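Asker: please find the sequence and the predicted model below.
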Amino acid sequence: SASHLSDNCIFCKIIRGEIPSQKIAETDKSYAFLDIMPLSEGHALVIPKYHAEFMHEVPDEYLADAMPLAKKVAVASGLKYYNILQNNGKLAHQEVPHVHFHVIPKNKEEDGLAMRWTQL
Ligand code: 5GP
Ligand code: ZN
């Protein structure tokens with residue numbers, strides 16, 4: 001719910017629609033969107049609608065909601081190979097201090113990928 005969001009966080013602003021994003025899908029507890037600097041076509045981020053820097057700070061019910069959404073996003077990419085990545089803390093290369101799961105397709109065939117995101 002919105003009460004778990006932060007005023008100053010960039011990803012909380014994306015959840016609230018105050019910063020535009022290319023949304024893929026959302027649930028009541030999670031939000032999935034395309035990464036603005038993709039490592040491959042279709043690189044997506046799945047975030048809990050709960051502001052926390054570290055995964056261990058996120059209540060289980062939010063993580064339990066985010067994982068099936070990450071699965072849906074990975075499947076919807078239509079590709080067999082992908083990486084799920086999640087960094088915790090600056091020393092671990094986290095740049096945005098709101099928990100996010102990267103879904104990074106490792107694709108050779110790029111055609112039509114953008115269309116498939118709309119199927120969620
Ligand atoms: P981290 O290094 O924190 O694990 O990854 C942060 C990710 O968020 C990066 O891949 C970066 O491209 C992405 N990102 C940062 N700011 C924005 C933004 O305003 N919109 C979107 N869609 N992605 C962002
Ligand atoms: Zn946040």
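Answerer: Right, received. Where do you want to start? Residues are numbered from 1 along each chain as shown. Ligands and ions are numbered 1, 2, ... in the order given.

Asker: do the host helix or strand of Lys71 and ligand 1 meet at all?
Answerer: Secondary-structure element containing Lys71, defined by DSSP states H and E: helix 60-76. No - if you take Cβ under 6 Å from any ligand atom as the test, helix 60-76 misses ligand 1, and the best it gets is 13.5 Å. Yep, even glycine has a C-beta here, placed from its N, CA and C like the rest.

Asker: run the chain-centre distance for that helix.
Answerer: The chain centre lies 9 Å from the centre of helix 60-76; the measure is Cα atoms, centre = their mean, to the nearest Å.

Asker: buried ones in it?
Answerer: 62-63, 65-66, 69-70, 72-74, 76 (16 or more other Cβ atoms under 10 Å).

Asker: which other helices and strands does it contact?
Answerer: Taking 3 or more Cβ pairs under 8 Å, 6 or more residues apart in numbering; DSSP states H and E as the contact definition, the neighbouring helices and strands of helix 60-76 are strand 23-26, strand 30-34, strand 44-48, strand 82-85, strand 101-105.

Asker: go again using 7 Å as the cut-off
Answerer: Contact here means 3 or more Cβ pairs under 7 Å, 6 or more residues apart in numbering; DSSP states H and E; on that basis helix 60-76 packs against strand 23-26, strand 30-34, strand 44-48, strand 101-105.

Asker: might you enumerate the residues of this structure proximal to ligand 2?
Answerer: 6, 9, 11-12, 51, 98 (Cβ under 5 Å from the ion).
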